[in-house]
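Visitor: model the structure of this input:
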Amino acid sequence: MRRYLTLMLALLLALAVFAGCGEAQQDPPENKDTLQDNAQQDDSTPTPDGTQSGEQDDTQNGAQDGTQSDTQTPDEPTADDGIPELVIPWEHDPLNGSYISPEAEAIVTVAKSYLAREVWLQYDCSRLMKDLSGVAKVTRPQYHTNSPEDCTSQNTGYTNCSAFTYDVFWEAFGLDIKASGTNALRDAVDMHVFTYYITGRETAYERRLVEQNFLNSLQQGDIIACDHPSPDGGHALIYIGDGMMIDSAYFSSKGGGNYDHSSNHDRTEVNGSVRTREVLSFFEEDNYYYFWDEACWSVVRPLKKYTDAKITYKTQARVENLKDIYVEKLSSHALGQSADLGEEITFSFYIRNDRTTDASLKLTAQVPLGTEYVSGGDSTVGRSIKWDSVTVPAGDDVTVSYTVRVENDPALYGTAISGEGSAVGGVDVRCRDIYVGRHLNVHQTYAVAAAATDAPSMTERGIALADKVYTAAGVEFELPETETLLNSLFKQYESSTHYELNADSEYIDMVVPVMYGGYLCLSSELYAGERTYGIFSNQIYAGDILIAREKTNTYAYMMLDSNRILNLKSGKLIYGADTKETLLSLIGRDVFAVIRPSASN
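Guide: Next comes the predicted model:
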């Protein structure tokens with residue numbers, strides 16, 4: 001009986017849908033099996049579209065074991081009757097694309113800002129333990145991970161599908177939607193405007209009704225959540241209008257970006273993780289989420305719940321000044337490269353104008369504490385630097401720089417020079433902090449690289465080989481062997497199988513700030529909790545030593561230049577692409593650290 005009534009309701013809704021598409025949003029068809037098979041709800045339980053369920057008929061969907069009844073209602077069309085074609089809302093709505101609410105515009109603008117980061121925003125596939133909050137999870141649930149402008153050619157950002165949607169709403173409204181996973185989005189019914197629980201027994205006609213009502217429910221800025229019981233869980237996307245979505249995905253068949261401890265590798269590729277795709281791709285038969293048994297489709301509208309949300313100043317400035325403008329702040333010192341006393345640091349704003357018209361922008365910056373102003377800017381007032389108007393021609397890019405010098409104060413060793421305090425077009429931009437520390441001078445680095453050429457003929461191995469190379473280069477350091485060094489720098493975390501940096505180690509000053517990590521390494525309170533998620537040759541100096549442990553195996557390397565490293569255990573030189581592979585493989589070890597012996601002198 002209920003099946004008959006449900007289908008009659010669905011037919012009436014379908015007639016309304018196909019009679020005119022630009023009308024007010026309609027409720028989705030009631031999902032028959034949600035009440036009976038999936039949720040076992042009682043008479044007063046709300047249905048997925050928010051209405052109250054009526055009396056349940058035990059025979060509505062066949063037997064109690066979930067099998068489909070052979071009874072067919074008179075009004076249900078057979079295959080011979082054909083399936084109605086989809087009415088595409090954005091092809092029939094005269095307002096589509098010409099009007100967008102300020103709130104939706106904020107969401108779409110932020111989402112597109114992430115999209116513009118391209119390769120500098122990679123997908124995080126890390127499979128790390130979830131019971132320790134300090135474990136090296138890049139995209140932790142319900143934490144703001146990256147602002148779009150944080151992801152630069154010097155600072156790769158990491159995200160995943162649900163973290164991306166979470167970050168968009170945080171950036172747009174400063175809003176914690178408290179639903180950072182696809183299962184949490186599925187359960188956030190107070191934000192739903194459409195929900196359908198799939199049984200896998202829908203007829204083609206019933207599927208079409210679901211598809212049509214799904215399309216009709218969409219508004220710009222909505223989250224589309226697909227959740228299913230497979231090991232991969234589900235997916236989340238943001239609808240940006242005109243039949244298009246933006247999401248973060250790891251597309252392995254296309255060589256997409258991936259951060260994954262489990263593979264002992266950072267498969268950073270030429271594709272970023274954030275992409276656009278068509279809504280109608282959902283309805284392709286080979287789509288991973290298309291009517292997957294026991295899956296759930298939801299259209300989630302957070303502002304339905306958070307009605308008092310206000311657009312942040314930062315995002316309002318994005319909307320007004322930085323649409324189709326790409327900005328990143330860079331420094332002359334990449335992550336891992338320290339600045340010594342009296343050394344100059346140059347900060348740069350790279351600005352690319354993807355518009356068809358010229359752009360004029362105001363820039364501001366601060367001279368960081370611990371440094372003194374050298375040059376740059378149209379004017380300076382105190383520690384403030386200003387550029388009144390920087391013109392960026394249409395389709396072109398410009399770079400604007402300023403230079404500071406580290407003060408000659410030994411108390412600055414071990415402290416950080418801030419990369420914050422700057423804005424372009426009213427939007428805060430920053431680069432990573434630069435730590436103050438000693439490092440080999442240019443002549444010493446050349447000498448170390450030259451001496452290492454003879455390493456294969458030397459008899460020493462391990463750290464003793466590093467000492468021999470240093471001595472041949474005229475540089476004297478004394479370090480213990482790899483195992484002793486690792487045991488000193490990393491200590492077991494309570495009674496777990498995890499480790500943390502030992503702040504009391506006599507060698508802790510040699511660890512390059514932020515340049516440590518590993519699969520079993522917790523984030524340290526040192527360096528403001530920051531850590532690296534990949535090691536690249538432009539981040540470390542010649543003479544730096546890289547140590548790692550995985551189970552009972554230890555590893556030790558010496559950096560020589562951007563194209564060569566020395567395997568200290570075998571005495572062999574590693575060249576070219578193998579250098580990159582070796583450096584990146586360290587993230588999958590249990591623990592690793594980059595040691596700079598010169599920093600302790």
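
Visitor: what residue spans form the domains of the protein?
Guide: Domain segmentation of the chain under automatic domain parsing yields 90-313, 329-435, 442-600.

Visitor: so which of those domains is nearest Glu320?
Guide: domain 329-435 (7.6 Å; CB to CB). Using the backbone N, CA and C atoms, a C-beta is placed for each residue, glycine as well.

Visitor: first-to-last residue distance for that closest one?
Guide: One end of domain 329-435 sits 17 Å from the other (CA to CA, to the nearest Å).

Visitor: distance from that domain to the middle of the chain?
Guide: 24 Å (CA atoms, centre = their mean, to the nearest Å).

Visitor: and the helices in the stretch 151-300 of the chain, which stretches?
Guide: 161-173, 182-187, 204-217 (DSSP state H, counting those that start in this stretch).

Visitor: what does the chain give?
Guide: Applying DSSP state H to the chain gives helices spanning 2-19, 32-33, 89-92, 102-115, 161-173, 182-187, 204-217, 302-305, 313-321, 442-452, 463-472, 482-489, 576-585.

Visitor: and Ile351, what pLDDT?
Guide: Reading off the confidence values, Ile351 has pLDDT 98.

Visitor: my guess is it contacts Pro393. True?
Guide: No: here Ile351 does not reach Pro393: they are 10.8 Å apart, not a contact under CB atoms under 8 Å.

Visitor: with neighbour numbers in mind, choose between the two.
Guide: Ile351 (23 against 12; other CB atoms under 10 Å).

Visitor: can you name the residues bridging to the more buried one?
Guide: Counting by DSSP bridges, Ile351 forms beta bridges with Val327, Val398.

Visitor: looking at the helices of the stretch 151-300 of the chain, which has the lowest confidence?
Guide: helix 182-187 (a mean of 82).

Visitor: so what's the residue count around the nearest residue to Asp433 once chain neighbours are set aside?
Guide: For Asp433, ignoring the flanking residues on the chain, the nearest one in space by CB to CB, 6 or more residues apart in numbering is Ala416 at 3.9 Å. For Ala416, the count of nearby residues is 21 (other CB under 10 Å).

Visitor: mind checking how far Ala416 is from Ala455?
Guide: 34 Å (CB to CB, to the nearest Å).

Visitor: before we move on, what about Arg352?
Guide: 44 Å.

Visitor: beta partners for Asn155?
Guide: Beta-bridge partners, per DSSP bridges, of Asn155: Thr152.

Visitor: Tyr470: what's it in contact with?
Guide: By CB atoms under 8 Å, 6 or more residues apart in numbering, the residues touching Tyr470 are Val448, Ala451, Glu476, Phe477, Gly543, Pro597.

Visitor: the more surrounded of Arg352 and Ala455?
Guide: Ala455 (23 against 17).

Visitor: contact partners for that one?
Guide: So Ala455 contacts Leu465, Lys468, Val469, Leu566, Gly571, Leu573 (CB under 8 Å, 6+ apart).

Visitor: swap in Lys304?
Guide: Asp190, Met191, His192, Val193.

Visitor: selection in ChimeraX covering whichever of those residues are buried, please.
Guide: Buried subset of the contacts of Lys304, written as a ChimeraX selection, criterion 16 or more other CB atoms under 10 Å:
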select :191,192,193
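
Visitor: scan the helices and strands of the protein for the one with the lowest mean pLDDT.
Guide: Using mean pLDDT, DSSP states H and E, the weakest-scoring helix or strand in the chain turns out to be helix 32-33, at a mean of 37.

Visitor: quick one, which of the contacts of Tyr470 are buried?
Guide: For the contacts of Tyr470, buried by 16+ other CB under 10 Å: Val448, Ala451, Phe477, Gly543, Pro597.

Visitor: tell me which of those is nearest to Asn216?
Guide: Nearest to Asn216 among these, with distances taken as CB to CB, is Gly543, at 64.1 Å.

Visitor: the closest one against Gln444, yeah?
Guide: Yes: taking contacts as CB under 8 Å, Gly543 lies within contact range of Gln444: 7.1 Å.

Visitor: overlap in contacts of these two?
Guide: Val475, Ser598.

Visitor: contact partners for Lys491?
Guide: Counting by CB under 8 Å, 6+ apart, Lys491 has contacts Tyr499, Glu500, Leu501, Asn502.

Visitor: want to try CSV for the residues you listed, with distance to Ala111, pLDDT and neighbour count as columns?
Guide: Below are those laid out as CSV (distance: CB to CB, whole Å; pLDDT from 0 to 100; neighbours: other CB atoms under 10 Å):
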residue, distance to Ala111, pLDDT, neighbour count
Tyr499, 38, 89, 20
Glu500, 36, 87, 21
Leu501, 36, 91, 23
Asn502, 42, 92, 17
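
Visitor: okay, the residue nearest the centre of the chain and Phe169: tell me how far apart.
Guide: The centre of the chain sits closest to Thr159, judged by CA atoms, centre = their mean, with a distance of 1.7 Å. Distance, Thr159 to Phe169, by CB to CB: 13 Å.

Visitor: that older thread, dump the domains of the chain into JSON lines; add distance to Ile83 as well.
Guide: Converted to JSON lines, the domains of the chain look like this (distance: least, CB to CB, whole Å):
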{"stretch": "domain 90-313", "distance to Ile83": "5"}
{"stretch": "domain 329-435", "distance to Ile83": "42"}
{"stretch": "domain 442-600", "distance to Ile83": "48"}
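
Visitor: contacts only, for the closest residue to Phe349 other than its chain neighbours.
Guide: Sequence neighbours aside, Val400 is the residue nearest to Phe349 in space, at 4.7 Å (criterion: CB to CB, 6+ apart). By CB under 8 Å, 6+ apart, Val400 lies in contact with Ser348, Phe349, Ile351, Leu363, Gly376, Trp387, Val390.

Visitor: state the distance from the closest residue to the fourth one other than its chain neighbours to Gln337.
Guide: Residue nearest to Leu363 in three dimensions, not counting chain neighbours: Trp387, with 3.9 Å by CB to CB, 6+ apart. Going from Trp387 to Gln337 by CB to CB gives 26 Å.
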